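Asks: Take this sequence and fold it.
(chains A, B, C and D)
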2 protein chains.
Amino acid sequence: MPPDTRERLLHAAIGLFARKGYASTSVADILDAAGVNAGSLYHFFPGKQDVLLAVLETYRQGIDPMLLQPAWDGVADPIERVFALLGHYREYLRRTECTYGCPIGSIALELHEPDPPVRALLAANFDGWISAIEGCFIEAGDRLPASVDRRALAIFALTTMEGGVMLSRTDRTLDAFDAAVRMLRDYVDRLQASGSSRGTPVTLSPPGP
Amino acid sequence: MPPDTRERLLHAAIGLFARKGYASTSVADILDAAGVNAGSLYHFFPGKQDVLLAVLETYRQGIDPMLLQPAWDGVADPIERVFALLGHYREYLRRTECTYGCPIGSIALELHEPDPPVRALLAANFDGWISAIEGCFIEAGDRLPASVDRRALAIFALTTMEGGVMLSRTDRTLDAFDAAVRMLRDYVDRLQASGSSRGTPVTLSPPGP
DNA sequence: TTGCGAGTTGAACGCTCATTCAACAGATTC
DNA sequence: GAATCTGTTGAATGAGCGTTCAACTCGCAA
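Replies: This next block holds a predicted model:
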């Protein structure tokens, strides 16, 4: 029954890395936020980068229980689940007044030459996200044309989210995020309309302003 | 006729910020790369952040002559110009073995609480890019459905590029970038096909792997 | 010849950073 | 009750950071 010192450090680091980024967060910041002394941190982690590794691993394990399940609560339709998840990120942006969006994306672009284990965990996080969305599009079955690569579409959804977060964070407005998601919605609507020989017919909403 | 010290500092900073990011580039790095002493830098710039401002302003002024014109050389069709520009970024990724893509995007996500002038210049850079692509889609006229918001489509193209760069940089492979651009191409193709009562008919290529 | 301003030099400054370490505390084991 | 293990303490370390500054060079104008 070890004390929760490690947990407190991890939780403090998660918050600080999301708010300030990795490089701009000092070890002293983490220590202050966790209410822990320097030696204790180095008792649990070999160094600062290993705290980052633990944070990224926590995110990775949290994709399903902490991200997907809350976003998909009450949403059964697989395609609606994709946009429910995007809406989840929109809410995150909105609540923070567009100051931070996806912590994985921020760290991915912040570290220009990440050590291999860090890069591997970043890639694993992206892969978990993509695979979940790919599952939605696969579950959509013949509502989408058979010729559409489900995984590529999932990647496209992730680039839309990450790019939208980047632009919206830069001008502190949800406009760019909303515009990008609106276009993705229009695309998926058109895909559904084009393959509508089977499955429930879909009403095509115009992508206007 | 002032010596080119300021130019050398600017050029060195552009290269280093793109390669290592802003925070990870020390003033000493810039001085070494430019072959200049500390005092000289502070003769031309009040501080490190003002070097960043000058770099961002240089990028902004270079969007047309340094980015668009080379990418669009010999490409007349407005819609092909959009994808020619995306191909330009692909080449940039490829030549650097997927280690760096868009420097504006990297800095935008690296700085979590940028000073107002820095954020304004980042936004101005994105806006210049978006407006240029918006011009392409406007020029495409009735090849695209009238209901499609040209600016939103331009934003969508930027999120595709920035998101694609992020993912490709993370797993050091062009796959994600290619997948995202392929889906954007399919979307634009479908938009053209749907509004094809006027203009040149467009052959719809399947988005398969 | 003197004076001046633009540009240069590089050592020095104060600060923050990640990390270390010897000493200590308390529970568990033998 | 001695030994051991896990965890804690917080001052100290040394490197690197952005920045400052007094002294200097040099071309040019008066």
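Asks: per-residue confidence for the residue of chain A found nearest DNA strand D?
Replies: Of all residues in chain A, A:Gly39 sits closest to DNA strand D, at 2.2 Å by CB to the nearest atom of the strand. C-beta here means a position set from N, CA and C on the backbone, and glycine is covered the same way. We have a pLDDT of 95 for A:Gly39.
Asks: and if you look at A:Tyr100?
Replies: pLDDT at A:Tyr100 comes out at 89.
Asks: if we can go back for a sec, name the element the residue of chain A closest to DNA strand D belongs to?
Replies: Assigned by DSSP states H and E, A:Gly39 belongs to helix A:38-44.
Asks: buried ones in that helix?
Replies: By neighbour count with 16 or more other CB atoms under 10 Å in any protein chain shown, helix A:38-44 contains the buried residues A:40-41, A:44.
Asks: Packing partners of that helix?
Replies: When contacts are defined as 3 or more CB pairs under 8 Å, 6 or more residues apart in numbering or on different chains; DSSP states H and E, helix A:38-44 packs onto helix A:5-20, helix A:27-34.
Asks: Identify the residues contacting that helix?
Replies: Defining contact as CB atoms under 8 Å, 6 or more residues apart in numbering or on different chains, one finds that helix A:38-44 is touched by A:5-6, A:9, A:27-28, A:30-31, A:34, A:51.
Asks: Pipe the buried residues of helix A:38-44 into CSV and attach distance to A:Leu93 per row.
Replies: Below are those laid out as CSV (distance: CB to CB, whole Å):
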residue, distance to A:Leu93
A:Ser40, 35
A:Leu41, 31
A:Phe44, 32
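Asks: TSV for the helices and strands packed on helix A:38-44, including mean pLDDT?
Replies: Shown next, in TSV, are the helices and strands packed on helix A:38-44 (pLDDT from 0 to 100):
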stretch	mean pLDDT
helix A:5-20	97
helix A:27-34	98
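Asks: Would you mind finding the most buried of those helices?
Replies: Highest mean neighbour count among these (mean count of other CB atoms under 10 Å in any protein chain shown): helix A:5-20, with a mean of 19.
Asks: Okay, helices next: where are they in chain A?
Replies: Along chain A, counting by DSSP state H, helices occupy A:5-20, A:27-34, A:38-44, A:48-62, A:69-72, A:78-95, A:103-110, A:116-139, A:150-171, A:175-194.
Asks: Comparing those, which comes out most buried?
Replies: Neighbour counts averaged per stretch over the helices of chain A are highest for helix A:150-171, at a mean of 26; criterion: mean count of other CB under 10 Å.
Asks: near DNA strand C at all, the helix holding A:Gly39?
Replies: Yes: Helix A:38-44 lies within reach of DNA strand C by CB under 7 Å from any atom of the strand, at A:38-39, A:41-42.
Asks: How about A:Lys48: what's its closest non-neighbour residue?
Replies: Leaving aside its chain neighbours, A:Lys48 sits nearest to A:Val27 (5.5 Å; criterion: CB to CB, 6 or more residues apart in numbering or on different chains).
Asks: give me every residue that touches the one you found.
Replies: A:38, A:41, A:48.
Asks: any idea how far the residue nearest to A:Arg151 when sequence neighbours are not counted is from A:Ile155?
Replies: Spatial nearest neighbour of A:Arg151, excluding adjacent residues (CB to CB, 6+ apart): A:Glu134 at 4.8 Å. If you measure A:Glu134 against A:Ile155 using CB to CB, to the nearest Å, the figure is 8 Å.
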